[in-house]
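Chemist: Sequence plus the predicted model coming up.
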Amino acid sequence: MTETTGYSGSGLVLVKNPHLDLMEEDVLYHLDLGTKTHNLPAMFGDIKHGMGIPSISIMLHELIKLLHHAKCRDVTIIRIGTSGGLGIEAGSVVITDTAVDSSFQPRFEQVVLDDVVVRSTELDKDLAEELLACSRDIPDFPTLIGHTMCTYDFYEGQGRLDGALCSFSSEKKLEYLRRAYEAGVRNIEMESTAFAALCGLCGLKAAVVCVALLDRLQGDQIRAPHEVLWEYQQRPQRLIAAFIRKRLGLPRTD
């Protein structure tokens, strides 16, 4: 079963669940919020999540419902984080055009009851290009647009040789990663397909911006010094700050 994307003509965040209208109260358990106990249109929370598809899925379900109940309009949501690069230098920032699965397909497969639901993982192309344009004002690190491969696992799922389990050779690993590169993949992480699918279905303009901590074609372990990694992790934040300033018409800070 394939689902199509729906959008709200009013610009409000679209929640595709008719059961919500029948609930006396919607308790956003993991955010410690509720539609009767809190004035959601007047407040926002500081939302944090863990790692991987299950964590971001829980967070997004409740964040999107929060945005809906708060009557937010014309929302843009951007995930920033770290990733493993593929054929790019460490410290490069990748703006995702399409999130792909481990077979390099632009899809997110979600088991709903006993049915496998396939959802699109396309992201907003205009938003990606706008972010890339903003990167030209930050010339001290490379920024590019490319596919992001999303996996369910950090070790075997990403072809790492340094996990507690490894059932493949170094040659097989490199062959797989090279095929990923040829398919347009430029970085690997563990959230983007679920993020893209949920945001797309709910009519949210979305982007994924991640810095590469290493080139996975050169190795599996992150060996850069702490201070270098800290600076790398600031790069997506710097890009998004420049994007926000541009959207708000504020002057550059450099």
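Modeler: Looks like it arrived, so ask away. Numbering: from 1, shown residues only.
Chemist: what about the longest helix in this protein?
Modeler: Taking DSSP state H as the criterion, the chain has its longest helix at helix 226-248.
Chemist: what packs against it?
Modeler: strand 76-85, strand 93-100, helix 125-135, strand 205-215 (3 or more CB pairs under 8 Å, 6 or more residues apart in numbering; DSSP states H and E). (Glycine included, C-beta is placed from N, CA and C.)
Chemist: Of all the residues in it, which ones are buried?
Modeler: L229, E231, Y232, R235, P236, R238, L239, I240, A242, F243 (16 or more other CB atoms under 10 Å).
Chemist: tilt between that helix and strand 93-100?
Modeler: 80 degrees (axes from the mean of the first three to the mean of the last three CA atoms, to 10 degrees).
Chemist: the inter-axis angle of helix 226-248 versus strand 205-215?
Modeler: Using the same axes, to 10 degrees: helix 226-248 against strand 205-215 is 160 degrees.
Chemist: quick one: low-confidence parts of the stretch 51-200 of the chain?
Modeler: Across the stretch 51-200 of the chain, nothing is flagged by pLDDT under 70.
Chemist: for it, what spans make up the strands?
Modeler: In the stretch 51-200 of the chain, the segments counted as strands under DSSP state E, counting those that start in this stretch are 76-85, 93-100, 107-112, 115-120, 143-150, 185-189.
Chemist: Just give me the least confident of the buried residues of helix 226-248.
Modeler: Lowest pLDDT of the buried residues of helix 226-248: L229, 92.
Chemist: tell me the contacts of A99?
Modeler: By CB atoms under 8 Å, 6 or more residues apart in numbering, the contact set of A99 is 106, 108, 121, 123, 147-150, 192-193, 195-196, 208.
Chemist: any idea how far the closest residue to it other than its chain neighbours lies from V116?
Modeler: Leaving out its chain neighbours, the residue that sits closest to A99 by CB to CB, 6 or more residues apart in numbering is S192, at 3.7 Å. For S192, the distance to V116 equals 19 Å [CB to CB, to the nearest Å].
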